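Peer 1: quick one, fold the following:
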Amino acid sequence: MTRVTARNSTIFIATGETTRVYRSIAEVPLDLRRKLTACTRGMNSATILIADKRGREELVRALQGRPTEVRCRLADNMRAREQEESSKTVRRIPTSLRTWLELLLPVAIGASLWLVIGSRL
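Peer 2: Here you go, the predicted structure:
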């Protein structure tokens with residue numbers, strides 16, 4: 001069985017209110033190409049590989065702001081860390097007790113200082 005591989009590039013560049021589509025880097029105007037090169041060298045850049053028609057549909061859905069079914073590994077990792085941290089057993093003071101301590105502790109310290117200073121006079 002012969003295997004056919006098709007390679008296609010589509011570059012979406014949104015500036016202001018307009019979005020332009022280019023088929024290759026060579027088609028992008030020079031000033032936009034410089035900005036594109038500078039932006040894609042950073043830590044927040046990535047390559048998107050779309051392997052089939054469904055991948056293209058998901059990309060269009062994401063660009064239109066509609067909900068997508070694609071799972072994000074970063075979001076999954078963050079949720080897992082949050083669950084891991086919340087599952088750790090940390091003994092915490094109940095909120096009502098903490099509130100009373102926050103109110104009464106300064107009063108107790110103030111009264112103690114008043115007694116110490118008053119007894120020396």
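
Peer 1: skipping adjacent residues, who's closest to Leu63 in space?
Peer 2: With sequence-adjacent residues excluded and distances taken as Cβ to Cβ, 6 or more residues apart in numbering, Leu63 is closest to Phe12, at 6.8 Å. C-betas here are computed from N, CA, C, even on glycine.

Peer 1: SS state for the one you found?
Peer 2: Judged by DSSP: H, G, I helix; E, B strand; the rest coil, the three-state class of Phe12 is strand.

Peer 1: beta partners of it?
Peer 2: For Phe12, the beta-bridge partners are Val21 (DSSP bridges).

Peer 1: any idea of the pLDDT on it?
Peer 2: As predicted, Phe12 sits at a pLDDT of 78.

Peer 1: residues contacting it?
Peer 2: Contacts here follow Cβ atoms under 8 Å, 6 or more residues apart in numbering; on that basis Phe12 touches Thr19, Arg20, Val21, Leu63.

Peer 1: how close does it get to Ala108?
Peer 2: 64 Å (Cβ to Cβ, to the nearest Å).

Peer 1: longest helix anywhere in the chain?
Peer 2: Determined from DSSP state H, the single longest helix within the chain is helix 95-120.

Peer 1: give me the residues contacting stretch 22-34.
Peer 2: Residues outside stretch 22-34 that contact it (Cβ under 8 Å, 6+ apart): Asn8, Ser9, Thr10, Ile11, Ile13, Thr15, Leu36.

Peer 1: which SS class is Arg41?
Peer 2: Arg41 falls in the coil class when you classify it by three-state DSSP.

Peer 1: give me the number of residues near it?
Peer 2: By the criterion of other Cβ atoms under 10 Å, Arg41 has 8 neighbours.

Peer 1: distance check, it against Arg34.
Peer 2: Taking Cβ to Cβ as the measure, Arg41 falls 11 Å from Arg34.

Peer 1: could you find the closest non-adjacent residue to Thr15?
Peer 2: Of all residues not flanking Thr15 in the chain, Leu32 sits nearest, at 7.4 Å (Cβ to Cβ, 6+ apart).
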